[in-house]
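Novice: fold the following for me, if possible:
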Amino acid sequence: MPTDLPLSMVISQVLQHTPVWAWAILFIITLLGLRQVGHHVVTSRRLVFAAVALGAYSLWGAVRAFGPQAEVLAAWVAGVALSVAAGPWLALPGQAQYQGAGRYAVHGSPWPLLTMWAIFGIRYVSTVALLMHPAWAHDTVVSAAMPLVYGALSGLFLARALRILRSAPTAATLSLA
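Specialist: Modelled structure (predicted):
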């Protein structure tokens, strides 16, 4: 695509050439994220599945854009680790209560939806940018920064899942009851 086109034309062309499956993914993650906005009950299985699925989606985006190189994988893992390490200070979700049988009552929050949109947005923007500027895929800064961001965003879901799972009583707490 020529670089001297007006921005409105570039945006129009990008949107017209976006595959239908990308909009389907956006629709699905929006529905899933909207379910998190209100108070809800979630199972440990669903918590783990969401963290793994979104992690896989972000890792797939990083590897697809920058290749399955050790530096890309290391940057992605570093992003996940940073988010998990910051998890206790982020306090997401605000409160969760264990209800027994692997079920947790979680206070609603817009953060899961916003994080899912951010993962999608980063993936979308980086794909478009790399299509328009293929050399960026080999730029050291870009190929380290983008996987780091992918990992950090998906790490937020892992940190959230861990925080919720930790709200379950431990064996020591149960024995005191």
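Novice: can I assume residue 41 sits in a helix?
Specialist: No - judged by DSSP: H, G, I helix; E, B strand; the rest coil, residue 41 forms no part of a helix; its state is strand.
Novice: show the contacting residues for it.
Specialist: If you count contacts by Cβ atoms under 8 Å, 6 or more residues apart in numbering, residue 41 has them with 99, 103, 104, 105, 106. The C-beta positions use only the backbone N, C-alpha and C, and glycine is treated the same way.
Novice: go on, residue 89?
Specialist: Listed by Cβ under 8 Å, 6+ apart, residue 89 has no contact partners.
Novice: so which strand or helix has it?
Specialist: Here residue 89 sits within helix 70-90, counting by DSSP states H and E.
Novice: also residue 24?
Specialist: helix 20-37.
Novice: pull out the buried positions in that helix.
Specialist: Going by neighbour count (16 or more other Cβ atoms under 10 Å), the buried part of helix 20-37 is 25, 26, 29, 33, 36.
Novice: mind checking how far the residue positioned nearest the centre of the chain is from residue 125?
Specialist: Residue closest to the average C-alpha location in the chain (Cα atoms, centre = their mean): residue 154, at 3.4 Å. Taking Cβ to Cβ, to the nearest Å as the measure, residue 154 falls 16 Å from residue 125.
Novice: again with residue 73
Specialist: 21 Å.
Novice: about what we covered before: by contact count, what packs against the host helix or strand of the residue nearest to the centre of the chain?
Specialist: Element membership of residue 154, judged by DSSP H and E, is helix 140-165. Judged by 3 or more Cβ pairs under 8 Å, 6 or more residues apart in numbering; DSSP states H and E, helix 140-165 is in contact with helix 44-66, helix 70-90, strand 103-106, helix 111-132.
Novice: circling back to that earlier point, list the buried ones in the helix holding residue 89?
Specialist: 72, 73, 75, 76, 78, 79, 80, 82, 83, 84, 87.
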